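> below are the sequence and a predicted model; questions follow.
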Amino acid sequence: MLRSSAILMMVLMLAASVAVSSAMITTVPVTEAVPVTLPAPGSEQGYFSINSVPSGGDVYFDSAFWGETPVVVTVSTTGTPTHTIRITLPGYEEWTSTYNGNPMAGQTIPITAQLVPSAQTGNIQVVSTPSGAMVSLDRSQSANTPYVFYNIPVGSHEVSVFMSGYQTFYTSVNVNKGQTAYVNAILQPESTTGTLSVSSSPSGAAVYVDGIYHGVTSTTVGNLIPGSHSVRLSKAGYLDWTGSVSISAGSTTYLDPSLVKDQQPQYATVSITSNPAGASVYGDGVYVGQTRAGSPLVFTSVKPGTHTLLLTKSGYQDYSVTRTVSAGQNYDVDVTLNPVQNPTTGGISIISAPSQAEVYLNNAYKGLTPVTLDSLAPGSYTLLLRLSGYQDWQATQQVTAGQTAQISATLTPSATPTPTQSGLLPLVVLAGIGIVFLALGKRS
């Protein structure tokens, strides 16, 4: 009896416990899930705006080429946060930098590289047949062949080789970093040379004869050996004109092409003059040439962007200028150089019409006009200019320390030159003969 009562009590207690537990359960309504769109890895972008001074450098971002400065590089905000940036430009040391981090979405991080000019030089070895000739580099440095010019800046340089009784040999040679360029001048016995008179429409075009710069149109180039010569005219905003002319001994050949407008110009030009003339010019660290009296030195095929020009001259302070240029435009740079303190030497700058006259200073050959003679001790000097087909020109010039005397010589023909119209004369002569035959036919 007692055992049954105990069992009944346990059942009642268990039932009560289940009832209490049921009363404590709260029903929670089910809510439908709201979808959340997460950005795909790397879908958000930021930017690196990369520039250089001077501009025009090739940009490599994480080893991939992106173009020339200035350039904008697009990156993922969630990509690899370490980047290597490399910029190269001829005449300048390679610029390399590592950037840690990525831009935020839509952010642009500016980076500007200050490029440092590199001391890039090579050598020029000159030999001649016969040997013992006077060789002039860029109308300044002179020596006797065979000779090696060391530590010459990379770029194009002019070499002329002179020996009495032979025609003057001249050519342009390109110097590469760490290499030696070779010039083998086989001199020809002296003979009568000819002259080329070059004009253009419009004027002001840079003139290159056989690859050597001779000023801007209109100009007259003398001391050309008889035969065929290549000519190139270059002017900003116009297509280059190229052709060949035939030079005859003792005569003047005339050339007057019309330049064609360039509808999509890719380059600019920079025309450089200095006072005094004879300064060496470096464009973005690469040797361009020497300024000359009477006409500018024209730096052609200049890419649009920012460029640095450096002018150096013995006895004067260096001059540097930075310019931003646009395609199809010409920019004039006129520089007055300041002499160093307490100068002890002076100079003489000589131009002639026609150009390419041989210059003798106190009977010593010094090159071809236009030329600037530096590092001359103060005093009196005798000048002689000699050009085939023209009378000798002589003068006495006083040199003063710290100054460069300017000489402009107009040469007088020794005999009336025979004018030759390049490429047109044979046609005119044939037409004239035809007219004569027609007239005779009608008369008969």
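Done, it's in.
> pLDDT below threshold where in the stretch 51-200 of the chain?
Within the stretch 51-200 of the chain, the ranges that satisfy pLDDT under 70 run 90-91, 119.
> repeat that for the stretch 301-444 of the chain.
415-444.
> rerun at 50
423-444 (pLDDT under 50).
> let me see the ranges of the strands in it.
Taking DSSP state E, counting those that start in this stretch as the test, the strands found in the stretch 301-444 of the chain are 305-312, 319-325, 330-336, 346-353, 358-361, 364-368, 371-376, 379-386, 393-399, 404-410, 418-421.
> to residue 167, which of these lies closest?
Closest to residue 167 of the strands of the stretch 301-444 of the chain, according to Cβ to Cβ: strand 358-361, at 10.8 Å. Where you see a C-beta, it was placed from the backbone N, CA and C, and this is true even at glycine.
> could you chop the protein up by domain?
With domains defined by automatic domain parsing, the chain comprises 45-114, 121-186, 194-336, 346-410.
> mean neighbour count added to those, as CSV?
Compiled in CSV, the domains of the chain are given as follows (neighbours: other Cβ atoms under 10 Å):
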stretch, mean neighbour count
domain 45-114, 16
domain 121-186, 18
domain 194-336, 19
domain 346-410, 19
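> surely residue 238 and residue 262 touch.
Yes: contact between residue 238 and residue 262 holds when scored by Cβ atoms under 8 Å: they sit 5.5 Å apart.
> looks to me like residue 106 is in a helix.
No: under DSSP: H, G, I helix; E, B strand; the rest coil, residue 106 sits outside any helix and is assigned coil.
> OK, contacts around residue 258?
By Cβ atoms under 8 Å, 6 or more residues apart in numbering, the contact list for residue 258 reads 200, 201.
> ok, it to residue 205 distance?
Distance of residue 258 to residue 205, computed by Cβ to Cβ, to the nearest Å: 11 Å.
> was I right about residue 196 contacting residue 221?
Yes: assessed by Cβ under 8 Å, residue 196 is found in contact with residue 221 at 4.7 Å.
> okay, now residue 187: neighbour count?
Neighbour count for residue 187, taken as other Cβ atoms under 10 Å: 19.
> what's the closest non-adjacent residue to it?
Counting by Cβ to Cβ, 6 or more residues apart in numbering, the nearest residue to residue 187 once its immediate chain neighbours are dropped is residue 166, at 3.9 Å.
> check residue 149 too.
Per Cβ to Cβ, 6+ apart, closest to residue 149 is residue 124, 4.5 Å.
> element containing the one you found?
Residue 124 is located in strand 121-129, with elements delineated by DSSP states H and E.
> what does residue 245 give?
Going by DSSP H and E, residue 245 is in strand 241-247.
> what pairs with that strand, parallel or antiparallel?
Strand 241-247 pairs in its sheet with strand 227-234 (antiparallel), by DSSP bridges.
> enumerate every residue touching residue 171.
For residue 171, the contact set (Cβ under 8 Å, 6+ apart) comprises 158, 159, 183, 185, 210, 211, 212.
> wait, isn't the fourth one in contact with residue 128?
Looking back up the chat, that one is residue 185. Yes: the pair residue 185 / residue 128 is scored as a contact, 4.2 Å apart, by Cβ under 8 Å.
> can you list residues touching both of these two?
With Cβ under 8 Å, 6+ apart, residue 185 and residue 128 have common neighbours 135, 145, 161, 169.
> what's the most distant pair in those residues?
145 and 169 (10.3 Å).
> what is in contact with these two at once?
Shared contacts of residue 145 and residue 169 (Cβ under 8 Å, 6+ apart): 128, 161, 185.
> which element is the second one on?
In other words, residue 161. Using DSSP H and E, residue 161 sits within strand 155-162.
> residue 294 versus residue 72, what's the distance?
Taken as Cβ to Cβ, the span from residue 72 to residue 294 is 45 Å.
> ok, whichever helix or strand comes after the strand holding residue 245: who's next to it in the sheet?
Counting by DSSP H and E, the element after strand 241-247 in chain order, helix or strand, is strand 251-255. Sheet pairing of strand 251-255 (DSSP bridges) gives strand 194-198 (parallel), strand 418-421 (parallel).
> need the residues that contact the strand holding residue 161.
By Cβ under 8 Å, 6+ apart, strand 155-162 touches 124, 126, 128, 133-139, 145, 168-175, 183, 185, 187, 212-213, 282, 286-289, 358, 365, 367-368.
> across the sheet, point out what pairs with residue 61.
Taking DSSP bridges as the rule, residue 61 bridges to residue 64, residue 85.
> give the contact list for it.
Here residue 61 is in contact with 48, 50, 73, 83, 84, 85 (criterion: Cβ under 8 Å, 6+ apart).
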